[in-house]
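Q: Build me a model:
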Amino acid sequence: MSTLSALPFFLKPLHGLPGSPVSPGRQRRHTLPASEFRSLNTEDATSVFEIEREAFISVSGECPLHLDEVRHFLTLCPELSLGWFVEGRLVAFIIGSLWDQDRLTNDALTLHKPHGTTVHIHVLAVHRTFRQQGKGSILMWRYLQYLRCLPYVRRAVLMCEDFLVPFYQKSGFKVQGPCKITVGPLTFIEMQCPVRGHAFMRRNSGC
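A: Numbers count the residues shown, from 1 in each chain. Predicted structure coming up:
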C-alpha cells in the first residue's frame, strides 16, 4: 500500500488526487496539488526553520526549536508533524513529539518518549505572507483530527505566551496553569486538549 493511500483522508491532497475526474475538454496537467497536507521529513527542515525563525524572533526573540532540533524531531517522530503546502511551497507547519508525564518539564523540549500517550506540540508557525487568513486555526484543526486517529494518543499539550491563549482556546485547548518551563525572561501558560474518547469520529473519518 502506498504511503498516500494509507494516510487518513485529512492528510491527503485537497486537489489532484490520482483518478480524480477531469472536466470534458480539459487536458490533464502534471502539476503540483494546489493544496496538500502531509507529514514533514528532514528535507523540509530548512524551510521549517526559516518560517519559524521569522515568526518567533521578531515577537519573542526565541525560537521554540533550533534547526538541529527540528531535524532531531523530524528524524525521531515525523508522523507527529504536519505541513501545509501550497503548490509545493511550505506555508504552515506543526511539529510534535510524545511525552509521558502529566506536566511539561525542561526535558520535554528535547526528548521524544516513544511510549508516551501525550503529544507535546512544540511549534505551530505560518509563513508571513499567509498570516491573518485563518491558516493556523485550520492547520491545528486538521492536526487534532489526525491525532484522534492514533490509538495511543490521549491528549495534546503545548505551552504558549499569554497573548496566544485565546487562539488555542478556540481550537479546544484549556489552560492547565503556569508552565514550569521558562526561557530567559519568558514565562508560559501550559494548555491541553483531550483527543481520546472519539471512537465514533474514528469510525467515520477514514482512520
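
Q: Name all residues that make contact with T75.
A: Going by C-beta atoms under 8 Å, 6 or more residues apart in numbering, T75 touches T42. All C-beta atoms are positioned from the backbone trio N, CA, C, and that covers glycine.

Q: and it, what element?
A: helix 67-76 (DSSP states H and E).

Q: what distance separates that helix from the middle of the whole chain?
A: 14 Å (C-alpha atoms, centre = their mean, to the nearest Å).

Q: buried stuff in it?
A: For helix 67-76, burial by neighbour count (16 or more other C-beta atoms under 10 Å) applies to E69, V70, R71, H72, F73, L74.

Q: Redo these as a markdown table? Include pLDDT.
A: A markdown table is the format used below for the buried residues of helix 67-76 (pLDDT from 0 to 100):
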| residue | pLDDT |
| --- | --- |
| E69 | 97 |
| V70 | 98 |
| R71 | 98 |
| H72 | 98 |
| F73 | 98 |
| L74 | 98 |
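
Q: From those residues, pick the one nearest D102.
A: F73 (21.4 Å; C-beta to C-beta).

Q: Can you tell me the strand partners of the helix or strand following the helix holding T75 and which way each runs?
A: Per DSSP H and E, the first helix or strand lying C-terminal to helix 67-76 is strand 81-86. Note on strand 81-86: by DSSP bridges, its sheet partners are strand 35-38 (antiparallel), strand 89-99 (antiparallel).

Q: which one of the ones you listed has the most crowded surroundings?
A: strand 89-99 (a mean of 22; mean count of other C-beta atoms under 10 Å).

Q: That concludes my questions; thank you for your assistance.
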